[in-house]
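Visitor: using only what follows, build the 3D model:
(3 chains)
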Amino acid sequence: MADDQIELMAHLMRRVGVGARRDALEVLAERPYEDVVEELLHPDELTDPDQDVFDRYLPVLLATELPESPGSRWIYNMANGPRPLREKMALFWHHVFATAWFKSSHARAITAQIELFRENGLGSMRQILLDLSRDPCMIDWLDNSENHAHANNENYGRELLELFSLGIGNYTEDDVKAAARAFTGWTFQQPWPRYPYSEGIAPIFKFDETDHDFEEKTFLGQTVFDGEDVINVIVKEEACARFISRHLYNFFVADEPGVASWVATPPRDQDAIDILVATFVDSDGDIREVMRTLLNSEFFKEARFQRVKSPAEFVGGVVTLAGTPQFPDFSTTELWRATMLMGQALMNPSSVEGWHTGQEWLDSGTLTERVNFAVKNLMDTSNPGVASIIERVAASGDATPDEFVERCLDMCGPLQFSEDSRATLIDFAEQGGLLSFREGVTEEVEGRIGRMVQLIVSAPEYQFA
Amino acid sequence: MTTKIQKPPVLVVIQLSGGLDFMNTLIPYQNGIIRDARPALSLPMEDTLPLDNDLAWHPAAKALKELYDAGNVAVVQGVGWEHLGGPGADRSHFRATDIWHTCDSAKIGTEGWLAKLIREFDPLSENPVTAVNFGLGLPRALAASGVTVTSIGNLDKFGLMTDIEQEEERAEDIDIFKRLYTPGLGNGMVQDYLAQTGTSVLKSADMLADAPTQYSSDVEYASNPIAEALRDVVRVHTAGLGTRIFYTQHQGYDHHSGEGILFPKLVTELTEAISDFMQDLRNHDASEEVTILVFTEFGRRIRDNGSGTDHGSGGGCYLIGDGVEGGLYGEYPSLEPKDWLYGEDLQHTIDFRSVYTTVLEQWMAVDANPIVGGNFEQIRPYKTEVAL
Amino acid sequence: MTSSPDGSSTNGASQNGDFAALLRAGFPYEKTLGRRAVTFSPIDLAVTKDKAVYFLGRGPFIKGGQLIAISDDDEELGIIRRRDLEPGEPPMNSGWKWPVGIVLDAEERLIVSDEAEDTITIVTKDSEIVAEWGEHGSDPGQLDRPAHMVIDAEGLLLVVDTMNHRVQRFTLEGEYVDGFGSFGDAPGQFNMPWGIALDSEGCIYVGDWRNDRVQKLTPTGEPLMQIGSSGDGEGELNRPAGVDVDQHGDIYVADRGNNRVMLFNRDGRYVERFFGDATVSKSGLKYLLENSLPLRLRDMAILEEQKRFMAPASVRVIDDRMYVADYSYNRIQIYRKEAYPLTADQILPHPGKPTLATT
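Guide: Below you'll find the model as predicted:
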């Protein structure tokens, strides 16, 4: 049943989005791989469904303060929208440029920042850093609003180099100071106070020339004046290409160790990084080009199940498989809450260093949350995704325990399970004997398939993308 | 006079994330240089709570001051480490936290110091609640391969597949889960780690199921994350499951701005929660074996930046408990401008590993050297001894 | 934009009031009621004879809502019902999850719909729950996200049944009477309707939310007129929410997606739009004067846009006053209509064409 092309598409969709259902994969597998990639790389021609329904029932500017509603909308769009890579790139930049709601508790501001990533996440590195440096939420988060011509606040200047573009070891303390000076006066227009009528619309960037240090500075050996010059220098640095390439590799291809150890630990696939770096350099930091190279590369296609799913990927993947929620409703904000309990409160990471990925997502608490969330969403056999799995398992007729497990793994993925895990599932299937549809799709049959799906999503293999 | 406690010693670690401004907690209130360097943070002298002729508590730390006055708080001053990477590297939250967590200031450490301590107590990972973390995600201090830690987001709803209502079905599913998560051979490191995690989920869930219902208390904690986390520490500690290490974080100390407003709120929450926690432990006759260690990744710059302070050094720690001999330990760093590190920071006067060593040797009764990676001078902040 | 020809029925014998035309003198802003935390996210409102505003709001958290009364002088009169939540936690207490519509019956009891629970609740001003009914589903008499409501001349309750794309009529006890409408964009069909109102002749007006129009229907649901089309221009609508009709047959639409309120005349002809003119309410002023931080921030900010509506959810006209539930800005704006009905003797008949001879 599962052929190579479908398995490849399943892999692609797990990485550029949160995974796709079996029926959708079959449609995609009819097309050449490169065409699908091209469509993913050009999301601007599509629109997301049901955004008006969110505005009606779950608007951003609610009385509530947590980014529960925009965060849930984001996961919903990852799972339900026609342009997953757009959302996924936004998530990528959110991982790298981790900014949190909790400092300002200004939901509109963090939502606007994510919207920037959404709109231009596949754009040029230069524009992305420029947008970032002008984003009021970032300016507030790293205190550039307090970076004055005659009293520098180095926070943004430092993190721009350390965490956002070059990585430790590729600049000096003097470069940090020069960068900080170059960004003086990059601030934002004061938004309204929350009382009496709410903080209103998203804040806007403002360049305060009376508070800008116009003197010449030396940054990475070059003469610069303002923040734009600093960014122009940064994006030409090979260190920037390497830093972003390794981030992209870690996010899209295979888990790398934590960023803090990158100085000391070489990448797990130096050749792959070199290929990405070359594209980055040749294209002048065009992220769409780098992503095209990445997604069409052999190292990407071969890297099956090499990443631990992030909570957003896990939650989005489960609701995609279950077919829940189909339409924004009262329970939609559970999406954000679920990722939060799994250690990834979207729009609210605990610090500027962002989330630790890979196996660090998993501990006994977050694994419990994952399994419980998956089981909760898949236990109801009337959920459209589960119903469709049942229907399709039934379509192939009676199944031996072996075939039963095989078909379910196929319909939930296709997934690759270890021999041990397979054996465990087959043992369970054997308790019920032959899966027979002689009397049609009975409640008992539904129950057996439903249970099997629950067990599959509880398994260790399901934690990997 | 020293007394000996008979119960196994317990360590509660509270990490103040973001970098607590130690100079604003224990303020050199008589010092003109500091007053001039920190105009945005200067409090009227009469508002501070003097400790001696040089130092005063920030008024928001009133609850801690009361514990201090009662002799239950050892303040370790000037805690830090030699900046091998220069100020740039060591002023990163990321790096500084890592240094504290792994005890390695020269390179990126791989094993958490508390994880090594857990291994000491439970080398075969027999008790998954030897260490319990309250909060989401596992701090690096507790992480090392082969070490199991139970992380609890919500103690009241802790367990696997709690949505399956049919008990029989749930039991069966959990049984299969157990098989699926049996550590295999040669499946790879991540898979092994995952299998281990799955196994500990089951065990810890069993153990913790009754802790919330067994607990009752007259202490009314405030409704904030740190207070609730410390209440949950009491709930698990008094359940007698053999937990030796508790860990939790209090977040939000990165006060680059608005420190005058934000700092007092956090410090009030923290110190009142600690005070309630101590009271609760005493009410349960469960305080004598407990030491609290409060630390933060770094102190902050001497000069304020107009409304807050930037990343610096020269932080501090607190050791709190009934076994503690209250007082000041270590030396407050020199405030003379000629002694300032990089011309803007406090020099540390004691290495953070000295504090760890002290707690490990004198309270947890283990050999500290392999855990902290060397021999470090100790302070003497305990009046009771742990019976070995 | 209207399906009825411009000016075709302004002649003499009229529907909706015995007058030939209206002299529209103005529609000035009168005042603002409420503030954040008091009137969180107002989604609908009702006004009693003594001018108390029964304000129905979402919040303080996503999953909750409250009904509170405030006087015409912006004093809090009391909380009728409120769902309290622990921050970030699931609902703890009873109460409405997603209250959305409120109407008064003849005895001024408060009837509230809940679009998450699919229920209708009747509660007195003293918080006593008289009745609660409603069942989720798509069969006749069942509900799927009930929205705004109105009571007809016979005392029956018309409920907009959003996800079933229809309007249903019930007795106040919850007994199903009849219903009309189905999914679609043809006249008489709906796509996730929201608001509802009646004119003096019993005709029904429905805010046909996802079709970007208001439909006028006979009392039995036969389509009479479609008002508005998608867009943000004159007479156009972007996801209209609440609607109302006043004594002159003027039709008010909370044009939510365009952050404005639209006014059409009884023939469906576009008359004018309101963008909002809010000033600081009495309660808002009190709050500000006691808090130095917002005072300072207001002084630093550009406030021009703060008077505008943001996502208005409901418009209710009582006599000559228009109340707008200014959802995202947590307040209610009140405007006063100044208009004089004209007899056929006073105004020339419609010439049937525009003219440049304007004297």
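
Visitor: contacts and neighbour counts: CA atoms only from here.
Guide: Noted.

Visitor: what ranges in chain A fall below the confidence cut-off?
Guide: For chain A, the stretches with pLDDT under 70 are A:1-2, A:61-65.

Visitor: just want the most central residue of it.
Guide: Note on chain A: the residue nearest the mean C-alpha position is A:Leu91, at 3.6 Å, using CA atoms, centre = their mean.

Visitor: so does whichever strand or helix holds that one get close to chain B?
Guide: Under DSSP states H and E, the secondary-structure element containing A:Leu91 is helix A:84-96. No: legend: contact between helix A:84-96 and chain B by CA under 8 Å from any CA of the partner chain is lacking; minimum distance shown is 13.6 Å.

Visitor: now the angle from the following helix or strand past that helix to helix A:84-96?
Guide: Counting by DSSP H and E, the next helix or strand C-terminal to helix A:84-96 is helix A:107-120. Inter-element angle recorded for helix A:107-120 and helix A:84-96: 120 degrees (by axes from the mean of the first three to the mean of the last three CA atoms, to 10 degrees).

Visitor: and helix A:107-120, does that touch chain C?
Guide: No: when contact is scored as CA under 8 Å from any CA, no part of helix A:107-120 falls within range of chain C; the minimum is 11.9 Å.

Visitor: tell me how far the nearest residue to A:Met342 once chain neighbours are set aside lies from C:Asp299.
Guide: In space, not counting the residues next to it along the chain, A:Met342 is nearest to A:Thr366; the distance is 4.6 Å by CA to CA, 6 or more residues apart in numbering or on different chains. Separation of A:Thr366 from C:Asp299 (CA to CA, to the nearest Å): 46 Å.

Visitor: B:Asn127 too?
Guide: In this view, B:Asn127 and C:Asp299 are 59 Å apart by CA to CA.

Visitor: which one's more surrounded, these two?
Guide: Neighbour count, other CA atoms under 10 Å in any protein chain shown: between B:Asn127 and C:Asp299, B:Asn127 has more, with 21 against 13.

Visitor: my reading is that the more buried one lies in a strand. Confirm?
Guide: No: when classified by DSSP: H, G, I helix; E, B strand; the rest coil, B:Asn127 is found to be coil rather than part of a strand.

Visitor: tell me the confidence at it?
Guide: Here the pLDDT value assigned to B:Asn127 is 89.

Visitor: swap in B:Pro87?
Guide: Residue-level pLDDT assigned to B:Pro87 equals 60.

Visitor: over to C:Lys51?
Guide: For C:Lys51, the pLDDT comes out at 96.

Visitor: any idea how many residues pack against it?
Guide: Taking other CA under 10 Å as the neighbour definition, C:Lys51 ends up with a count of 13.

Visitor: which single residue of the stretch 201-350 of chain A ends up nearest chain C?
Guide: In the stretch 201-350 of chain A, no residue comes nearer to chain C than A:Phe330, which is 6.1 Å away by CA to the nearest CA.

Visitor: before we move on, what SS does the spatially closest residue to that residue that is not a sequence neighbour have?
Guide: Closest residue to A:Phe330 apart from its sequence neighbours, by CA to CA, 6+ apart: C:Ala116 at 6.1 Å. Secondary structure assignment for C:Ala116 (three-state DSSP): coil.

Visitor: likewise for the one 4 residues further on?
Guide: Going by three-state DSSP, the secondary structure assigned to C:Ile120 is strand.

Visitor: mind checking how far it is from C:Ala69?
Guide: Here the distance between C:Ile120 and C:Ala69 works out to 19 Å (CA to CA).

Visitor: who's more crowded, these two?
Guide: The neighbour count for C:Ile120 versus C:Ala69, taken as other CA under 10 Å, is higher for C:Ile120 (28 against 22).

Visitor: contact partners for that one?
Guide: Residues in contact with C:Ile120, defined by CA atoms under 8 Å, 6 or more residues apart in numbering or on different chains, are C:111-114, C:132-134.

Visitor: and the two most separated of the residues you listed?
Guide: When CA to CA is used, the two most widely separated members of those are C:Ile111 and C:Gly134, lying 12.6 Å apart.

Visitor: residue 353: neighbouring residues, count only.
Guide: Reading this off chain A. 22.

Visitor: hmm, I had chain C in mind actually
Guide: The local packing count at C:Lys353 equals 7, with neighbours defined by other CA under 10 Å.

Visitor: find me the pLDDT at it, would you?
Guide: The predicted structure scores C:Lys353 at 93 on the pLDDT scale.

Visitor: how about the secondary structure of it?
Guide: When states are read from three-state DSSP, the local structure at C:Lys353 comes out as coil.

Visitor: from A:Ser133, how far out is it?
Guide: Here C:Lys353 is placed at a distance of 58 Å from A:Ser133 (CA to CA).

Visitor: likewise for A:Gly123?
Guide: According to CA to CA, A:Gly123 stands 15 Å off from A:Ser133.

Visitor: quick one: which of those two has more around it?
Guide: More neighbours sit around A:Ser133 than around the other of A:Gly123 and A:Ser133, counting by other CA under 10 Å; the figures are 23 against 15.

Visitor: alright, that wraps it up for me.
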